[in-house]
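Peer 1: sharing a model prediction with you, sequence too.
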Amino acid sequence: MTRKFLKFINLHSGEEDKQKVLENITDNISFRGSNLWILACAIVIASVGLNVNSTAVIIGAMLISPLMGPIVGAGFALGTYNFQLLKRSMKNLLIATVVSLLVSFIYFFLSPFKETQSELLARTSPNIYDVLIAFFGGLVGVIAITRVKQGNPIPGVAIATALMPPLCTAGYGLSIGNWSYFMGAFYLYTINCFFICIATFLIIKYLKYAPIELVDRKYERHIRYGITALIIIMIVPSSYLAYNLLNQKRFTQNVDQFINNEFTQKGYTMIYKKVNYNSSPRTIELAFLSKKFDKNELDSINKQLQTAGILNTKLVIKQDVTDLKSEILNEIGQRNNVLSEKDIVINQLRQQLDKYTVKDSSLVKEINILFPSFHNISIGKVTNFPNTDSARVSTVVLYQSEKEEKDQEGKMKQWISEKLSDKNTKVIRQ
């Protein structure tokens, strides 16, 4: 029974020839020529998607991106003690990272729309789920690469591991001078790289890929020692990172539950909240609309924090009018910046809409007075492409008449052209 189960989950079934896998991985590492152009275009597409908050565009960019190549190559090199492959992988990953940051920085620097969309914000604060996605996405990716029939997993891995959006968000942070956004997004990108690499290393070891053999045994021993040390250096901090992110997620959940139990359910209206996990002690800053707390109440609430398992944490309730006012004004200032950017977009859309709208509501009445034989008059604007790449907007007047009156039609066309300052006016009898 055990043997059947092990055979059922055996990864060696359907495995590609190891030498061919190595050749495929090596081919996908390089960022020269077409690969570099594809990367730059994918970065621009992802940046546009983040800029306009379009999930579909971002997914498309992730499918195009060739960023997985050098990361998988590095994991493969660690698993086979291939120092030359490791050097090439790290060099090309560095090139890809710098090019991606530069292209996204240039795009967001030149873009007139600097509003921080939700898709951008989602890439500035990594959590434990990002670690899990990167690790298990990396596992799926390397398993698919080592199969004879790779099938559907590769596109899914490209979407799930999401290497491109954090890099674009880091470029956005640089372009607006927000170091918090840059560090958070680049931190997420680093997490993804590390855990994809670790997942690749584990699968390569499990599949028993043979380490490379060098002629100089002494040099080979030094290479193995160096790579082994690098593996330890990479795995230990990554494990601590995952553990720390897990603790941070638990802390946030406990704080939210505590606030709900102690304040929200008692009817206190909270108008400000800020949680700082990385300070020592950790702090929870709150402010309420009308409820005031004396010193004894604050001491009691801080003791309840300890009872609730929220250790090494201090609760600060802002009750000073001056401090509270400054916090609220800062929040309003940030929202005003967002609103002003939205106003710019709305005005631009209005200007575009005005091109296709006839605003003078009295125009039809004037036509009825000047040309009484015309009735059922309709006026609008249409777009046509007269054998060129550019569009032309024309005013079109539709009318009904008992008989054809070319002379009157010509006069009406001339009058409307002058009235609307549009030489492209067309008058059509229905």
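Peer 2: Thanks, I have the structure now.

Peer 1: surely Thr283 is in a strand?
Peer 2: Yes - checked against DSSP: H, G, I helix; E, B strand; the rest coil, Thr283 lies within a strand.

Peer 1: for it, what are its contacts?
Peer 2: Counting by CB atoms under 8 Å, 6 or more residues apart in numbering, Thr283 touches Lys274, Val275, Asn276, Thr313, Lys314, Leu315, Val316. Where you see a C-beta, it was placed from the backbone N, CA and C, and this is true even at glycine.

Peer 1: got the residue ranges for the helices in the stretch 1-150 of the chain?
Peer 2: Ranges of helices in the stretch 1-150 of the chain, per DSSP state H, counting those that start in this stretch, are 2-8, 18-27, 34-52, 55-64, 68-80, 83-110, 118-121, 128-145.

Peer 1: can you tell which of those helices is closest to Tyr225?
Peer 2: When these are ranked by proximity to Tyr225, the top entry is helix 83-110, at 11.2 Å, counting by CB to CB.

Peer 1: buried stuff in that closest one?
Peer 2: Residues 83, 85-86, 88-90, 92-93, 95-97, 99-101, 103-105, 107-108 are the ones in helix 83-110 that count as buried (16 or more other CB atoms under 10 Å).

Peer 1: likewise stretch 413-428?
Peer 2: Residues of stretch 413-428 classed as buried by neighbour count (16+ other CB under 10 Å): Lys413, Trp415, Ile416, Ser417, Leu420, Thr425, Val427.

Peer 1: between these, which sits nearest Met234?
Peer 2: For the buried residues of stretch 413-428, the nearest to Met234 is Leu420 (69.3 Å; CB to CB).

Peer 1: so how far is Met412 from the closest residue to the closest one other than its chain neighbours?
Peer 2: Of all residues not flanking Leu420 in the chain, Thr395 sits nearest, at 5.7 Å (CB to CB, 6 or more residues apart in numbering). For Thr395, the distance to Met412 (CB to CB, to the nearest Å) stands at 12 Å.

Peer 1: off-centre distance for stretch 183-203?
Peer 2: Centroid separation between stretch 183-203 and its chain, computed with CA atoms, centre = their mean, to the nearest Å, is 17 Å.

Peer 1: just the CA coordinates for that stretch, please, in CSV.
Peer 2: C-alpha atoms of stretch 183-203 as CSV (Å, rounded to 0.1, in the frame of the first residue of the first chain):
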residue,chain,number,x,y,z
MET,A,183,11.2,49.8,0.2
GLY,A,184,7.9,48.0,0.7
ALA,A,185,7.6,47.0,-3.0
PHE,A,186,11.3,46.1,-3.4
TYR,A,187,11.0,44.0,-0.2
LEU,A,188,8.1,42.1,-1.7
TYR,A,189,10.1,41.6,-4.9
THR,A,190,13.1,40.3,-2.9
ILE,A,191,10.8,37.9,-0.9
ASN,A,192,9.4,36.5,-4.2
CYS,A,193,12.9,36.0,-5.6
PHE,A,194,14.2,34.3,-2.5
PHE,A,195,11.4,31.8,-2.0
ILE,A,196,11.1,30.9,-5.7
CYS,A,197,14.9,30.2,-5.6
ILE,A,198,14.5,28.1,-2.4
ALA,A,199,11.6,26.2,-3.9
THR,A,200,13.7,25.5,-7.0
PHE,A,201,16.7,24.3,-4.9
LEU,A,202,14.5,21.9,-2.9
ILE,A,203,12.9,20.3,-6.0
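
Peer 1: list the buried residues for that stretch?
Peer 2: Within stretch 183-203, the residues that count as buried by 16+ other CB under 10 Å are 184-189, 191-203.

Peer 1: which members of the residues you listed occur in helices, if any?
Peer 2: Among the buried residues of stretch 183-203, the members falling in helices are 184-189, 191-203 (criterion: DSSP state H).

Peer 1: who's in contact with the nearest residue to Gln257 once chain neighbours are set aside?
Peer 2: On the basis of CB to CB, 6+ apart, the spatially nearest residue to Gln257 that is not a chain neighbour turns out to be Ala308, at 7.9 Å. Ala308 makes contact with Asn254, Gln257, Phe258, according to CB under 8 Å, 6+ apart.

Peer 1: tell me, how many residues neighbour the last one?
Peer 2: When you say that, I think you mean Phe258. The number of residues packed near Phe258 is 20, by other CB atoms under 10 Å.

Peer 1: may I have the secondary structure class of it?
Peer 2: helix.

Peer 1: quick revisit: widest-spaced pair of the buried residues of stretch 413-428?
Peer 2: Spatial extent of the buried residues of stretch 413-428 (CB to CB) is set by the pair Leu420 and Val427 at 12.3 Å.

Peer 1: closest one to Thr169 out of the contacts of Ala308, please.
Peer 2: Using CB to CB, those come closest to Thr169 at Asn254, 28.2 Å.

Peer 1: can you lay out the contacts of Ala308 as a markdown table showing distance to Asp294 and pLDDT?
Peer 2: Converted to a markdown table, the contacts of Ala308 look like this (distance: CB to CB, whole Å; pLDDT from 0 to 100):
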| residue | distance to Asp294 | pLDDT |
| --- | --- | --- |
| Asn254 | 25 | 88 |
| Gln257 | 25 | 89 |
| Phe258 | 20 | 88 |
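
Peer 1: show me which helix or strand of this structure is least confident by mean pLDDT.
Peer 2: Scoring the helices and strands of the chain by mean pLDDT, DSSP states H and E places helix 321-354 at the bottom, with a mean of 57.

Peer 1: and the next helix or strand past that one?
Peer 2: helix 363-370 (DSSP states H and E).

Peer 1: just to revisit the earlier point, and the residue nearest to Leu420, how many residues sit next to it?
Peer 2: Using other CB under 10 Å: Thr395 sits among 21 other residues.

Peer 1: where in the chain is pLDDT low?
Peer 2: For the chain, the stretches flagged by pLDDT under 70 are 1-9, 12, 149-161, 214-220, 320-361, 380, 382-393.

Peer 1: can you put the buried residues of stretch 413-428 in CSV and add distance to Ile64?
Peer 2: CSV is the format used below for those (distance: CB to CB, whole Å):
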residue, distance to Ile64
Lys413, 51
Trp415, 54
Ile416, 49
Ser417, 49
Leu420, 46
Thr425, 46
Val427, 50
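
Peer 1: among the residues you listed, which are located in helices?
Peer 2: Those of these lying in helices (DSSP H): Lys413, Trp415, Ile416, Ser417, Leu420.
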